[in-house]
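# Here is my input; please provide its structure:
(one chain, ligands or ions: 2)
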Amino acid sequence: MTNDTTVETIDGFHLVINALKLNDIDTIFALPGIPITDLTRMAQAEGLRVISFRHEQHAGNAAAAAGFLTQKPGICLTVSAPGFLNGLTALSNATVNCFPMILISGSSEREIVDLQQGDYEEMDQLAIAKPLCKAAFRVLHAEDIGVGIARSIRAALSGRPGGVYLDLPAKLFSQTMDRLKGLSSLIKVVDPAPRQIPALDSVARALDLLKSAKRPLIILGKGAAYAQADAAIRDLVEKSGVPYLPMSMAKGLLPDTHALSAAAARSYVLAEADVVMLVGARLNWLLSHGKGKTWGTPKQFIQIDIEPKEIDSNVAIAAPLIGDIGSCVDALLAGMGSNWAHPPADWTKAIFERKEKNLAKMSATLALNPIPMNFHSALAVVRTIVTDRPDIILVNEGANTLDFTRSIVDMHQPRKRLDVGTWGIMGIGMGFAIAAAVTTNKPVLAIEGDSAFGFSGMEVETICRYNLPICVVVFNNNGVYGGMDVNKSGGADVAPTVFVKGARYDKIIEAFGGVGVNATTPQELSKAILEALHSGRPTLINAVIDESAGTESGRITQLNPQTTAKKT
Ligand code: ADP
Ligand code: TPW
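Residues are numbered from 1 along each chain as shown. Ligands and ions are numbered 1, 2, ... in the order given. Here you go, the predicted structure:
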């Protein structure tokens, strides 16, 4: 069956494809197999870009990152049971991160699954997906495909974005129906993420509290980055004169070098602020739940979020502002008028002084040139390159590699940093990098711990196959967190965190025709990254890092049960 318009019927395959295209979806991240192989081929024939992966988790991660970057749900397509389960981690992670994506999995025959008669790859996928995502649907009849896709798109994008599962049983694809009836059953979703205007009294309450503050602070989260209200957010910070802290993926929303960035005085502002305005950031573990030693003196919170259930999740929120970030920030700006008083100068001056001191300390550390390289000397190179090329998208995972990159590498533009997110999950690297390259056509630099890279390393073949402008830098310190741990039993096996010493990750990409470089100095690293950016060729740099340079669990050692903050 083709999409031949001279044929009077249309099949399930083409109804799915047409429904996606009708909703401006142009890319599918997939891994073929029964029953969706033909769907991938036909989608490609019909002009959709099909990026075919080596493992579904990475196709799913790519879909999630595409959703975050474009505000359109990223589509991941998998086979049944095992393919579905492989994609489910990514779907669940997307939901936790509030990224819109749709996992579409083929499934086996309902009659056999429900009677548990042992079909090929039998599994009740819908039931399994439901608790792990925002919404889950199944379509049994061709005439319902339009509704199934429309509901999935709306569920992924409206309100707090998230992951949606769409179950498409094998038999659906070959069902046929009258072409005109079929096409007219498809739905173009109107206004899938309607603006949500905040209530006027909530706006007034928030402004009253902000005005009363002696030591105000704004915290920008990845919800603010997702919202694409960049100019309004910048106006809010600058007009209010309130210092701000960007959460990891909100870095670059305003340039990290902005005078009001308090990132280099993070512990001071968190401890000392009296009123904190959260913009698309949750008071979860990443912000120490809004309480305890980190938060020092008592404070009052203003929280902007689209999800009312988020409010009071950890501590009392004095001024909730429920709506989409663009509308909330616009309302605040309108309410502030033209002569809003900036915070007292002693607060901004104290922050500035601490910032200067900490930045000077950091510059001194970055200037050192130890042999072998450590995280600082390697990242000094990355920092300079990203400053010169602020359009680069930086993907980042690992423990020490993550923490040091986040604090050392300034970001200058919105949505240029993609990382391990709310779960701190390893394995997003290659999927996120591929999505970034495919959806933006910008150069991508993936800064990866050697352990982190291992979770998605095989997708280097995918990067080479599609000739994507991705430069992967593996910070190779011989293991998880580092390579110095010993087997306390005295046996022959190495310790659980230790990898093969002196591994050459650069050789992996050479197997697929990409460029591999072994870099042992900052100069070699810089040269290799610049060459990759210049050529646009898939590149993997094995950056040799001192195996004793890391700390166990990076900066979250305190979450490790019964451990002492020890050097590995
Ligand atoms: P971070 O990890 O950067 O601190 P979180 O993922 O914890 O950020 O928080 C993101 C928050 O942003 C979520 O509570 C989510 O509901 C909210 N959010 C996402 N998109 C929007 C939007 N368009 N408008 C308002 N809030 C949003
Ligand atoms: C899906 C636990 C957190 S960080 C990390 C692991 C395994 C790797 C750290 O070593 P790496 O980085 O990448 O070499 P570095 O710079 O410290 O040397 N499984 C999943 N997610 C997580 N978070 C883990 C395990 C973990």
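# Okay, now the unreliable bits of the protein?
Across the chain, the ranges flagged by pLDDT under 70 are 1-2, 562-568.
# so how far is whichever helix in it runs longest off the chain centroid?
Using DSSP state H, we find that the single longest helix of the chain is helix 345-367. Taking the mean of its C-alpha atoms, helix 345-367 sits 29 Å from the chain's own mean (Cα atoms, centre = their mean, to the nearest Å).
# Could you list the buried residues of it?
By neighbour count on 16 or more other Cβ atoms under 10 Å, the buried set for helix 345-367 is 347, 348, 350, 351, 352, 354, 355, 358, 362, 366. All C-beta spots, glycine's among them, are computed from the backbone N, C-alpha and C.
# Just confirm the third one contacts residue 268, I think it does.
Translated: residue 350. Yes - applying Cβ atoms under 8 Å, one finds residue 350 in contact with residue 268, separated by 7.5 Å.
# thinking residue 458 is in contact with residue 55, fair?
Yes - between residue 458 and residue 55 there is a contact under Cβ under 8 Å: 6.6 Å.
# Who has more neighbours out of these two?
When residue 458 and residue 55 are compared for neighbours, residue 55 comes out ahead with 20 against 15, by other Cβ atoms under 10 Å.
# Angles on the backbone of the more buried one, please.
phi -150, psi 140 (degrees, to the nearest 10).
# Find the residue closest to it in space, skipping its chain neighbours.
Sequence neighbours aside, residue 86 is the residue nearest to residue 55 in space, at 6.1 Å (criterion: Cβ to Cβ, 6 or more residues apart in numbering).
# residue ranges for the strands of the stretch 351-500 of the chain, please.
For the stretch 351-500 of the chain, the strands defined by DSSP state E, counting those that start in this stretch cover 393-397, 417-419, 444-449, 470-476.
# Which residues of the chain lie near ligand 1?
Residues of the chain lying close to ligand 1 by Cβ under 6 Å from any ligand atom are 97-98, 160-161, 221-223, 226-227, 247, 249-250, 280-282, 284, 286, 305-307, 310, 324-325, 422.
# what about the nearest residue to residue 322 once chain neighbours are set aside, how many neighbours?
Computed as Cβ to Cβ, 6+ apart, the closest residue to residue 322 that is not its neighbour in sequence is residue 308, at 5.0 Å. Residue 308 has 13 neighbouring residues, counting by other Cβ under 10 Å.
# swap in residue 184?
Other residues close to residue 184 by other Cβ under 10 Å number 10.
# cool, and the one 3 residues further on?
Residues near residue 187, counting by other Cβ under 10 Å, number 18.
# For ligand 2, see how far away the residue nearest to it when sequence neighbours are not counted is.
With Cβ to Cβ, 6+ apart as the criterion, residue 187 has its nearest non-adjacent residue at 3.8 Å, and that residue is residue 150. From residue 150 across to ligand 2, the span is 33 Å (Cβ to the nearest ligand atom, to the nearest Å).
# One more: residue 442?
Applying Cβ to the nearest ligand atom to residue 442 and ligand 2 gives a distance of 24 Å.
# What of residue 170?
31 Å.
# And residue 347, by the same measure?
35 Å.
# Next up, the contacts around that residue.
By Cβ atoms under 8 Å, 6 or more residues apart in numbering, the contact list for residue 347 reads 214, 215, 216, 243.
# And for residue 217, nearest residue in space, chain neighbours not counted?
residue 273 (3.8 Å).
# quick one: that neighbour and residue 300 touch, right?
No - look at residue 273 against residue 300 with Cβ under 8 Å: they stay out of range, at 9.6 Å.
# what about these two, which has more around it?
residue 273 (29 against 19).
# Next up, the contacts around the more buried one.
Contacts for residue 273 (Cβ under 8 Å, 6+ apart) come out as 213, 215, 216, 217, 297, 299.
# Can you give me the neighbour number for the last one?
Residue 299: 21 surrounding residues under other Cβ under 10 Å.
# residues contacting it?
Applying Cβ under 8 Å, 6+ apart, we find residue 299 in contact with 273, 274, 275, 276.
# what's the burial count for residue 120?
Number of residues near residue 120 (other Cβ under 10 Å) recorded here: 13.
# An error on my part: the question was meant for residue 487.
Number of residues near residue 487 (other Cβ under 10 Å) recorded here: 12.
# so it touches residue 495, yeah?
Yes - the pair residue 487 / residue 495 is scored as a contact, 5.0 Å apart, by Cβ under 8 Å.
# ok so, going back, tell me how many other residues crowd the residue nearest to residue 55.
Applying other Cβ under 10 Å, we find 21 other residues in the vicinity of residue 86.
# Verify the stated contact: it with residue 56.
Yes - contact status for residue 86 versus residue 56: in contact at 3.6 Å, counting by Cβ under 8 Å.
# Give me the common contacts of these two.
Residues touching both residue 86 and residue 56 (Cβ under 8 Å, 6+ apart): 31, 78.
# my guess is residue 351 contacts residue 270, does it?
No - the criterion here is Cβ under 8 Å, and residue 351 misses it with residue 270 at 11.4 Å.
# got the CA coordinates for the helix or strand residue 267 falls within in PDB?
Residue 267 is located in helix 266-272, with elements delineated by DSSP states H and E. Only the C-alpha atoms of helix 266-272 are listed here, as PDB (Å, rounded to 0.1, in the frame of the first residue of the first chain):
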ATOM      1  CA  ARG A 266      25.800  30.700  44.900                       C
ATOM      2  CA  SER A 267      26.100  29.600  48.500                       C
ATOM      3  CA  TYR A 268      26.100  33.200  49.700                       C
ATOM      4  CA  VAL A 269      22.900  34.200  47.900                       C
ATOM      5  CA  LEU A 270      21.100  31.000  48.800                       C
ATOM      6  CA  ALA A 271      21.900  31.400  52.400                       C
ATOM      7  CA  GLU A 272      21.400  35.200  52.700                       C
END
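# what element comes up after that helix heading to the C-terminus?
strand 275-279.
# for the helix or strand following that next one, packing partners?
Counting by DSSP H and E, the element after strand 275-279 in chain order, helix or strand, is strand 300-305. With contacts taken as 3 or more Cβ pairs under 8 Å, 6 or more residues apart in numbering; DSSP states H and E, strand 300-305 sits against helix 200-212, strand 275-279, strand 319-322, helix 325-336.
# if you compare those, which one is most tucked away?
For these, the largest average neighbour count (mean count of other Cβ atoms under 10 Å) is found in strand 275-279, namely a mean of 26.
# Mind listing the residues bridging to whichever residue of the chain sits closest to ligand 2?
Closest residue of the chain to ligand 2, Cβ to the nearest ligand atom: residue 449 (2.1 Å). Assessed by DSSP bridges, residue 449 has beta-bridge partners residue 475.
# In contact with it, which residues?
Residues near residue 449 by Cβ under 8 Å, 6+ apart: 397, 398, 399, 400, 401, 402, 426, 474, 475, 477, 480.
# Repeat that for residue 385.
Here residue 385 is in contact with 392, 445, 526, 529, 530, 533 (criterion: Cβ under 8 Å, 6+ apart).
# just to revisit the earlier point, for the residue nearest to residue 322, give its distance to residue 159.
Relative to residue 159, residue 308 is positioned 9 Å away (Cβ to Cβ, to the nearest Å).
# Find the closest residue to ligand 1 in the protein.
For the chain, Cβ to the nearest ligand atom, closest residue to ligand 1: residue 223, 1.9 Å.
# who's residue 220 bridged to?
With DSSP bridges as the criterion, residue 220 is bridged to residue 246, residue 279.
# these two touch, right, it and residue 281?
Yes - here residue 220 reaches residue 281: they are 6.6 Å apart, a contact under Cβ under 8 Å.
# Which neighbours do those two have in common?
247, 250.
# quick one: contacts for the most centrally placed residue in the chain?
Closest to where the C-alpha atoms of the chain average out (Cα atoms, centre = their mean) is residue 418, at 4.7 Å. Counting by Cβ under 8 Å, 6+ apart, residue 418 makes contact with 65, 68, 249, 393, 394, 395, 396, 428, 432, 436.
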